[in-house]
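**Q** could you look at this predicted model? Sequence included:
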Amino acid sequence: MSPLHRPLPLPWLVVFTLSCGSITNLSIEVVETADTASARSYYTVLQATPALGLQPIVAGRYEDRFVRIRGTWRFTERFVHVDLVGDLSQHVRGGFT
């Protein structure tokens, strides 16, 4: 099984149920003649825990590249830019340092 598709252990599931993300301002550019596309968007991750109220914990931008293979669009690259970071101490067991 691919590391990206394996089940997460229960403590991770508990943490991730306390957070949610949103993607906004999506802009897509398609080059039909080359079967390629690019996209730009912004993301924000919100979290609420018993110890901390609802708050944004990270925000940034995605830059994505795609290719169309036999009529199906597939990711080729994703660049993740982290622009703002909040209190991540409750985001994973033990927190980030």
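**A** Thanks, I have the structure now.

**Q** on the three-state scheme, the nearest residue to residue 76 once chain neighbours are set aside is what?
**A** Sequence neighbours aside, residue 65 is the residue nearest to residue 76 in space, at 4.7 Å (criterion: CB to CB, 6 or more residues apart in numbering). C-beta: built from backbone N, CA, C; applies to glycine. Three-state call for residue 65 (DSSP: H, G, I helix; E, B strand; the rest coil): strand.

**Q** now do the contacts for residue 65.
**A** Residue 65 sits next to 36, 37, 38, 75, 76, 77, 78 when contact means CB atoms under 8 Å, 6 or more residues apart in numbering.

**Q** which members of those residues occur in strands, if any?
**A** Judged by DSSP state E, the subset of the contacts of residue 65 located in strands is 36, 37, 38, 75, 76, 77, 78.

**Q** quick check: ChimeraX command selecting the buried ones in those residues.
**A** Buried residues within those, by 16 or more other CB atoms under 10 Å, are selected in ChimeraX with:
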select :37
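
**Q** of the ones in strands among the contacts of residue 65, closest to residue 22?
**A** Relative to residue 22, the closest of the ones in strands among the contacts of residue 65 is residue 78; by CB to CB it sits at 16.9 Å.
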